[in-house]
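Q: What would the 3D arrangement of this be:
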Amino acid sequence: MRVCVTGGTGFTGAALVLRLLGDGHSVRVLDNKPGLIAAELTARGAELTYGSVSDRALVAGAVAGCDVVMHLAAAFREVEASDALYREVNRDGTRIVGEESARANVRKFVYCSTQGIHGHIENPPGDETSPIAPADFYQQTKYEGELELATLGARGLDYTILRPTAIYGPGDPGRFLMLFKRAKRGAFPMFGSGITYYHPVHIDNLVDAFILAAEPGKGSGEAYLIGDEEYFTIEELVKRVGRAIDVDVRIHHYPIWPLIIAGHVCEKLCKPFGIPPPIFPRRVDWFRQVRAFRIDKARHDLGYQPRVGIDEGLRQTGDWYREHGYLR
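A: Numbers count the residues shown, from 1 in each chain. Below is the predicted model of the structure:
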């Protein structure tokens, strides 16, 4: 097949592109920046184009002649990003990519949304019928992108939506790196009880879901939560991160309310200057927001089955961080 992957130079997108290339497909990538792996993607045979998914002419050229479009590009947790930019990329960009894909007669459109549209899960585990309760503008605009696809689906676009849980794995320079760095010190500050649930998904498991969803007619018009086999309390997750790098982590508990206040203050002070705040509300939410889901629907409809378990996945990730100098 010829496949277009938007956001294909990011962590998730690049892993997907490499899998597609390895499976013998022709891949065209549209992203607004090279990322850390662009040279490798080009060397493997991917065709890279740089620009925004809000540029209709660029999008039309990227999807032309493609059998499948996998739309992962998004404005995501960028300190300097305005609400208007989130909406331009996550809502309007999704509509544009969807419209141009329909015009190009692609056979299947797969959209990467987020578990975050469900917000805090009051009675875990949740599922795809859990209330839509986005906690920030990123999550809100990702859901608005889903609504744009529902409109296009009514006009004939064959699409499937994936809502990944917390993505991690080798190559991830983001959220899990902070967990590994703190665990490596041997002591971890836990704000609150530590019994909040967190649901990871290994990058290989998520890429499997994208490949399954790319089949025309499979999961048409449906949304699927994609996570690993298990979810964990954040205290258990920290301990497993420590074991993955052979560290016995001591966990010290502190009240959470001072951290909540500090997160809001830091974000407001840093945002006008475009400075990444050391702490912000979304980071604080990790300590208190419940994220735990059933993945039964994806199993039944897509044939999804997580292959990589948490201990193997964390060991792979820790090894990658060490090999690339992130853990010193």
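
Q: any idea where the helices of the stretch 1-150 of the chain begin and end?
A: 11-22, 38-44, 56-63, 83-86, 93-103, 137-154 (DSSP state H, counting those that start in this stretch).

Q: could you dump those to TSV with mean pLDDT, distance to Ile251 and mean neighbour count?
A: Yep, even glycine has a C-beta here, placed from its N, CA and C like the rest. Listed next are the helices of the stretch 1-150 of the chain as TSV, based on pLDDT from 0 to 100; distance: least, C-beta to C-beta, whole Å; neighbours: other C-beta atoms under 10 Å:
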stretch	mean pLDDT	distance to Ile251	mean neighbour count
helix 11-22	97	27	22
helix 38-44	94	38	15
helix 56-63	98	47	20
helix 83-86	89	35	15
helix 93-103	98	40	23
helix 137-154	96	28	19
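
Q: separation between Phe287 and Pro258?
A: Counting by C-beta to C-beta, to the nearest Å, the gap from Phe287 to Pro258 is 12 Å.

Q: who's more crowded, these two?
A: Taking neighbours as other C-beta atoms under 10 Å, Phe287 and Pro258 compare with Phe287 leading, 19 against 10.

Q: can you map out the helices along the stretch 201-328 of the chain?
A: So, for the stretch 201-328 of the chain - with DSSP H, counting those that start in this stretch - the helices run 203-213, 234-244, 257-270, 281-285, 296-302, 310-323.

Q: C-alpha coordinates for the fourth one, PDB please?
A: Extracted in PDB, the C-alpha atoms of helix 281-285 (Å, rounded to 0.1, in the frame of the first residue of the first chain):
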ATOM      1  CA  PRO A 281      -1.500  21.500  36.000                       C
ATOM      2  CA  ARG A 282      -1.300  18.600  33.600                       C
ATOM      3  CA  ARG A 283       1.800  17.300  35.300                       C
ATOM      4  CA  VAL A 284       0.100  17.600  38.700                       C
ATOM      5  CA  ASP A 285      -2.900  15.700  37.300                       C
END
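
Q: Check which helices and strands it sits against.
A: Packing partners of helix 281-285 (3 or more C-beta pairs under 8 Å, 6 or more residues apart in numbering; DSSP states H and E): helix 257-270.

Q: go on, the first one?
A: When contacts are defined as 3+ C-beta pairs under 8 Å, 6+ apart, helix 203-213 packs onto helix 11-22, strand 108-112, strand 159-164, strand 166-168, strand 223-226, helix 296-302.

Q: Between these, which one is closest to Glu122.
A: strand 223-226 (16.0 Å; C-beta to C-beta).

Q: so Tyr197 sits right up against Glu230, yeah?
A: No - counting by C-beta atoms under 8 Å, Tyr197 stays clear of Glu230, with 10.2 Å between them.

Q: Comparing these two, which shows the higher neighbour count?
A: More neighbours surround Tyr197 than the other of Tyr197 and Glu230, with 19 against 12 (other C-beta under 10 Å).

Q: ok, now how distant is the more buried one from Thr233?
A: Taking C-beta to C-beta, one finds Tyr197 at 6 Å from Thr233.

Q: tell me, which of the helices of the stretch 201-328 of the chain is the model least confident about?
A: Lowest mean pLDDT within the helices of the stretch 201-328 of the chain: helix 281-285, at a mean of 77.
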